[in-house]
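Enquirer: here is my input; please provide its structure:
(one chain, ligands or ions: 1)
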Amino acid sequence: MNIEENLNKVRNNIAAAAAESGRDPKEITLIAVTKTHPPEMMNEAIRLGVTDIGENKPQEVRDKFDKVLPVKWHLIGHLQTNKVKYIIDRCVMIHSVDSIKLMDEIERLASAHDKDIDILIQVNISGEATKSGAAPDELEALLEHAGTLSRTHVKGLMTIAPKAEFGDPEIHFKNMKKLFDSLKDRGYKNVEMRELSMGMSGDYEAAVRCGATMVRVGSAIFGARDYGTHDIR
Ligand SMILES: *Cc1c(COP(=O)(O)O)cnc(C)c1O
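Expert: Numbering: from 1, shown residues only. As a prediction, this is how the structure comes out:
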C-alpha cells in the first residue's frame, strides 16, 4: 500500500470527474479520512500535501490531535452532545449536525471557548432507516434555528449515500444537489449554502459529477481499515 500513489490516483480521479462535469477541480476539497489510522500515517499524508483530514469519533480526534502535523480537522461521524467538548477546540468543521439540541450544545461550548465553528447539516436523503441525519422536511426548522446562533455557522449540507448495492448513489447525490441549490438565496440568517459534503471511496467521482464541494475519502488512500465498529453504513 503506497499512500503517495493512492493519493495521486484519487486527485487525478477528482480532476477528471470535475472536468467531465465542467467544474474547476479547485472547487473540490479532498478530506482524507484517517479513522483507525495512526498519527504517523496521517503525517505522511500531510507531508504529501493533504490539507484536510476527517475523523468520525470525537475521542480519536482528542487522542491523536497533538501527534499530528498542523492540518484542518473535520468531524464527520455521529456526534453526541456530551462529546462536543473533545473537538470544539480542535475541529474547523462538524459535518454531522442533525438536531437543534446538538446545534445548541456546539454553540454553548463555542461561546465558552470564545471561538467560531462551521457546521454542515447532515441529511438522510435516501430515507434509509439506519441512517443518521435530518429528514429533508426537518431541514427548515434547523436552518431557521441557525439564526439564533452567533458562534456556530451553517456552511452547507452533508450526506452519506447508501452502499452501491442498494441502488445507484448518483440518484441520492442528484437529489442532494437539488436540495442544496433550492436552499440557496432563501435568506436564512447565519446560513450559507457553500459546501456540499458527499462521496466516499466507492462513490466520490459520482459525487463530484453531481456537485460535491467536499469528498471524504479513506480506504482509497489508506487501504482497508482493521475494525468492525466503524462501519457507518
Ligand atoms: C469512514 C467515513 C468515510 C470514508 O469512508 P471510505 O469508504 O473509507 O472512503 C466518509 N464519511 C464518513 C462519515 C465516514 O465515517
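Enquirer: which helix in the chain has the most residues?
Expert: In the chain, with assignment by DSSP state H, the single longest helix is helix 3-20.
Enquirer: which strands and helices sit next to that helix?
Expert: With contacts taken as 3 or more Cβ pairs under 8 Å, 6 or more residues apart in numbering; DSSP states H and E, helix 3-20 sits against strand 29-33, helix 39-47, helix 204-209, helix 219-222. Where C-beta positions appear, they are placed from N, C-alpha and C, glycine not excepted.
Enquirer: helices of the protein, start to end?
Expert: Under DSSP H, the chain gives helices at 3-20, 39-47, 58-64, 84-87, 100-112, 139-146, 169-183, 204-209, 219-222.
Enquirer: could I get the first one in PDB with only the CA atoms?
Expert: Translated: helix 3-20. C-alpha atoms of helix 3-20 as PDB (Å, rounded to 0.1, in the frame of the first residue of the first chain):
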ATOM      1  CA  ILE A   3      -0.100   6.400   0.200                       C
ATOM      2  CA  GLU A   4       1.500   8.700  -2.400                       C
ATOM      3  CA  GLU A   5       0.400   6.600  -5.300                       C
ATOM      4  CA  ASN A   6      -3.200   6.300  -3.900                       C
ATOM      5  CA  LEU A   7      -3.400  10.000  -3.200                       C
ATOM      6  CA  ASN A   8      -2.300  10.800  -6.700                       C
ATOM      7  CA  LYS A   9      -4.800   8.500  -8.200                       C
ATOM      8  CA  VAL A  10      -7.600  10.000  -6.100                       C
ATOM      9  CA  ARG A  11      -6.600  13.500  -7.000                       C
ATOM     10  CA  ASN A  12      -6.500  12.600 -10.700                       C
ATOM     11  CA  ASN A  13      -9.900  11.000 -10.500                       C
ATOM     12  CA  ILE A  14     -11.300  14.000  -8.800                       C
ATOM     13  CA  ALA A  15      -9.800  16.300 -11.500                       C
ATOM     14  CA  ALA A  16     -11.200  14.000 -14.300                       C
ATOM     15  CA  ALA A  17     -14.700  13.900 -12.700                       C
ATOM     16  CA  ALA A  18     -14.600  17.700 -12.300                       C
ATOM     17  CA  ALA A  19     -13.600  18.200 -15.900                       C
ATOM     18  CA  GLU A  20     -16.300  15.800 -17.100                       C
END
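Enquirer: next to the ligand, which bits of the chain? Give me the list.
Expert: Contact residues, the chain versus the ligand (Cβ under 6 Å from any ligand atom): 33, 35, 56, 76-77, 160, 200-202, 216-220, 232.
Enquirer: can I get the buried part of the residues you listed as one ChimeraX selection?
Expert: In ChimeraX syntax, the buried subset of the residues of the chain next to the ligand is picked out as below (16 or more other Cβ atoms under 10 Å):
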select :33,35,56,76,77,160,200,201,216,217,218,220
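Enquirer: the residues of the chain next to the ligand in strands, which ones?
Expert: 33, 216-217 (DSSP state E).
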